[in-house]
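Engineer: Give me coordinates for this.
(one chain, ligands or ions: 1)
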Amino acid sequence: MARGKGHRRGGRGGGGGRGGDKGDDRGKWETITPAMMINEGFEEFYKAQGLLSSEEWEAFMTHLRTELPTTFRVTGSRAHAITINNLIKDKYVPTMQNVEWEGKKYPPPQQIPWYPEGLAWQISAPRRVVRKTEPFKNFQRFLVGETEVGNLSRQEAVSMIPPLLLDVEPHHLCLDMCAAPGSKTAQIIEALNPHHTESSGLLIANDSDYKRTHMLVHQTGRMPSKGLVVTNFDASLFPNISLGDENLQFDRILADVPCSGDGTMRKNIEIWKKWSAGDGNGLHGLQLRILQRAMDMLKPGGRLVYSTCSFNPAENEAVISAGLNSRPGQFSIVDVSDHLPLLKRRKGITSWKVATQPEGSQGPLVYHESYAAYRERVESGEERERDKDPKRGLPETIWAPENVAELGLERCLRLFPHDQDTGGFFVCVLQKSSEAKSSAKLSVSKATDAEEAPAVPVTAAAEEEDSASTLKRAASPSAPDGPESKKARQTPASSKLAKRQKRDLNFKEDPFSFVDPTNEEIVSIQNWFKLKESFPREHLLVRNEYGDPLRTIYLANAVVKAIIENNDYSRLRIISAGVKAFVRQDSQNRTEIGCKWRIPGEGVAEVLPHVGEGVVKVATIEDLRVLVEHAYPSIELFRKELRDWLVATPLGNILMRFEAGEGAGGNLPLPLVLPTWKANTSMSLLVDKREKSMLSLRTFGEDICKPAPQRPKPTAGDDVKPESNAEAGAEAGAGTEVGVEVDDGVVARGEEEGVIFGGEEAGAEGEGEGEEAAMNA
Ligand SMILES: C[S@@+](CC[C@H](N)C(=O)[O-])C[C@H]1O[C@@H](n2cnc3c(N)ncnc32)[C@H](O)[C@@H]1O
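Structural biologist: Model (predicted):
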């Protein structure tokens, strides 16, 4: 476990960089010398495995010693992704046709041929060329901006494969066992909800590293879903989840396990220095336990994808063999040779060598023909002393089993760097027989219990609203002493279960409870947005025990609701659930506000289908231009028709729909729905600064956003105070950086019948200021 979690290689264990993670060494490429990319043990070990012919060996090593091309994916709902993709194809690629640097020509970015719909790209020009040449530099600015707002995701090409082979359908119940930082999680969410319409499916994104679960929350905020739950568990001990009468079983599970990461040497240069044969051996046990746990939680007929970015058979075929043999007759390896036909892949192997380096990573490799031969050496003192304890030495499952030829290992996928200029990867798709016995009927008391799990580091206190909620409750209109709260207090989701399930007292996140739909705050939301009968008002969730809508209200789908109601949140170590649907925007004192709640950008797609007639104000591209150009545009600046309407409209959150078309020097390829805030004399976009700039670039071809006017410091007696971290308006989010580990500064995008939704939640900086200014304006 220890190595799996905090593995220091910069590979796939923990904080290291790969597959869209940001901790890679590529920025340092210019300072890397050939001498830094030598590891004799590595070469000897992999030559001995016979993975490649001697003719290919040089090409393999040369690629490993060459900077990895930058690759990225266009994310989000399909129609929106296609719009962004066309922008890359039609606007940027033509400008990069003949780029030359130091006498050498470099090709423009190219679509990765095997990726569906051409939505993934590769930039082969090295980073220094990108930095130094104007056309690439310009494109790089676009990439950085669109990545920040969540329209693009930098991800290693081979890392995009596992979710594609998982074959997710919108109704599936899915588990991503080792999910952080979340690049594959985002792909699964997209597959669950390709058009951002109703999704009944579920994705539990789990990681054992507490801090990294917060990265996950941030990443997934860019692709919000009411069917998403983030948990913090050792995947090998992932608990059974009760749905009341039966335990949850998954249709799809991704086990993208912690590994030695030697397939990422092209970007994690450190691995060259530290690689040892022991790395893979040391991870085999944890990888196998994670796989076995996945096997047991999968529905009969379900599909499971196991992946690593390691070449090492100890982490790959050996784990698969041991998993299959531990559940005889229940699983088979799926032949996916007809999927992604343009992807060059090699077959899995059926014989491999097991080696140790008893004298450390620089010492000679020792090969062991069999487990028995290895144990003999251990007993004679020639291996590590600690291996004498069979529990600490190598497990027998690292060696190929006797029935290796019958397991279908050749149906595994091995990806090599020299085949299509990528990193190295291993993928195996497993299918559970529909005749396999189901374990869904297990009772909760028999479930793998939280107490059995090894301690998971809990380093940060709860971040969400309730650190402040105890104080606020006293002033809240639905404080626990009111009749409403009493009712809620009697039935919080967690206390109903307290008797049956033990709480994990080490878990410091806030509890969940569902809000009584007759709560006056919910009624006010319902009235303002004219929510239709179809709106699932029973699925509104808050992060306190009392069902009090204090600052943020989340929306969950039916299966997420069932999970929360039937399991103690601390036992499942739930970090987040559902999507932010409403955020309190007001000061208690502002009586003229029509509704104190607004829909944050990430909630727009989920709430929009349920808002009543007249709630969405149809506007034009001219109106959009005014909103983009000015931070708090005066109502006077808008067209007469809109101006008159605004004057007659109370203060509050207004959803604006801008129709597709050309005008005002811009072009909107798809209709766009954005949240705005109507103040006394102005109306502003509730969109992060960065997102606004990117929207401006996309729509008007340039950044027309003017800086916000300096606001005088509030003086005593001002009636508007920022209420919370999560609430802010146009200015909030300034300075948000790619990949910052905050649950803020995220953007939501969606599409329903070709509509794009956009908007922005507050950023980490300047919180509350924009809102306050907007409200005062
Ligand atoms: C290879 S990375 C996952 C990358 C991720 N799937 C993605 O595509 O962005 C492995 C992850 O496993 C996590 N991890 C390590 N040991 C684990 C365990 N026992 N249970 C669950 N997660 C674990 C690490 O914190 C790390 O985030």
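
Engineer: ok, Pro65 - contacts?
Structural biologist: Small correction: residue 65 is Arg, not Pro. Contacts for Arg65 (C-beta atoms under 8 Å, 6 or more residues apart in numbering) come out as 34, 37, 266. Every C-beta, even on glycine, is put in place using the N, C-alpha and C of the backbone.

Engineer: The nearest residue to the first one once chain neighbours are set aside and the ligand, how far apart?
Structural biologist: Right, Pro34. Closest residue to Pro34 apart from its sequence neighbours, by C-beta to C-beta, 6 or more residues apart in numbering: Arg65 at 6.8 Å. Arg65 is 23 Å from the ligand, where distance means C-beta to the nearest ligand atom, to the nearest Å.

Engineer: ditto for Ser260
Structural biologist: For Ser260 relative to the ligand (C-beta to the nearest ligand atom), the value is 11 Å.

Engineer: Same check on Tyr632?
Structural biologist: From Tyr632 to the ligand the distance is 38 Å (C-beta to the nearest ligand atom).

Engineer: okay, that residue: pLDDT?
Structural biologist: In this model, Tyr632 is scored at 92, pLDDT.

Engineer: Which secondary structure state does it sit in?
Structural biologist: Using DSSP: H, G, I helix; E, B strand; the rest coil, the structure places Tyr632 in coil.

Engineer: what about it, how many neighbours?
Structural biologist: Neighbours of Tyr632 under the rule other C-beta atoms under 10 Å: 24.

Engineer: State the distance from it to Gln710.
Structural biologist: According to C-beta to C-beta, to the nearest Å, Tyr632 and Gln710 sit 12 Å apart.

Engineer: Okay, domains of the protein per the record?
Structural biologist: Under the assignment automatic domain parsing, the domains of the chain span 18-157, 158-344+400-444, 353-399, 466-584, 601-776.

Engineer: quick check: mean pLDDT across the shortest one?
Structural biologist: Looking back up the chat, that one is domain 353-399. Throughout domain 353-399, pLDDT has a mean value of 95.

Engineer: returning to that earlier point: put the buried members of the contacts of Arg65 into a ChimeraX selection.
Structural biologist: Restricted to buried positions by 16 or more other C-beta atoms under 10 Å, the ChimeraX selection for those reads:
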select :37,266
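
Engineer: Now render the contacts of Arg65 as CSV, adding secondary structure and pLDDT.
Structural biologist: Shown next, in CSV, are these (DSSP: H, G, I helix; E, B strand; the rest coil; pLDDT from 0 to 100):
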residue, secondary structure, pLDDT
Pro34, helix, 76
Met37, helix, 92
Arg266, coil, 95
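
Engineer: from the contacts of Arg65, which is closest to the ligand?
Structural biologist: Arg266 (16.0 Å; C-beta to the nearest ligand atom).

Engineer: Please list all residues in contact with the closest residue in space to the closest one that isn't next to it in sequence.
Structural biologist: The shortest distance from Arg266 to any non-neighbouring residue, by C-beta to C-beta, 6+ apart, is to Leu68 (3.9 Å). If a contact means C-beta under 8 Å, 6+ apart, then Leu68 has 26, 156, 266-267, 422-423 as its contacts.

Engineer: Could you do Val168 as well?
Structural biologist: Val168 touches 174, 188, 191-192, 201, 252, counting by C-beta under 8 Å, 6+ apart.

Engineer: For Val74, list each beta-bridge partner.
Structural biologist: Beta bridges link Val74 to Leu152, judged by DSSP bridges.

Engineer: Which member of the contacts of Leu68 is positioned nearest the ligand?
Structural biologist: Out of those, the member with the shortest distance to the ligand (by C-beta to the nearest ligand atom) is Glu156, at 9.0 Å.

Engineer: next one: phi and psi at that closest one?
Structural biologist: With angles defined as degrees, to the nearest 10, Glu156 sits at phi -60, psi 140.

Engineer: Among the domains of the chain, which comes closest to Gly594?
Structural biologist: domain 601-776 (3.6 Å; C-beta to C-beta).

Engineer: show me where pLDDT drops low in the stretch 451-600 of the chain?
Structural biologist: The model of the stretch 451-600 of the chain has pLDDT under 70 over residues 451-500, 586-591.

Engineer: can you pull out the strands in it?
Structural biologist: Under the criterion DSSP state E, counting those that start in this stretch, the stretch 451-600 of the chain carries strands at the ranges 513-514, 540-542, 552-555, 574-577, 579-584, 597-598.

Engineer: Mind putting those strands into JSON lines with distance to the ligand?
Structural biologist: Formatted as JSON lines, those follow (distance: least, C-beta to the nearest ligand atom, whole Å):
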{"stretch": "strand 513-514", "distance to the ligand": "27"}
{"stretch": "strand 540-542", "distance to the ligand": "25"}
{"stretch": "strand 552-555", "distance to the ligand": "23"}
{"stretch": "strand 574-577", "distance to the ligand": "13"}
{"stretch": "strand 579-584", "distance to the ligand": "20"}
{"stretch": "strand 597-598", "distance to the ligand": "31"}
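
Engineer: out of the ones you listed, nearest to Ser380?
Structural biologist: strand 574-577 (48.8 Å).

Engineer: and the helix or strand encompassing Pro135, how far out from the chain's middle?
Structural biologist: Using DSSP states H and E, Pro135 maps to helix 134-148. Taking C-alpha atoms, centre = their mean, to the nearest Å, one finds the center of helix 134-148 at 22 Å from the center of the full chain.

Engineer: Give me the contacts around that helix.
Structural biologist: The list of residues contacting helix 134-148 from outside it, by C-beta under 8 Å, 6+ apart, reads 72, 84, 92, 95-96, 99, 106, 109, 123, 125, 129-131, 152-154, 690, 693-694, 697, 736-738.

Engineer: Among the contacts of Val168, which ones are in helices?
Structural biologist: 188, 191-192 (DSSP state H).
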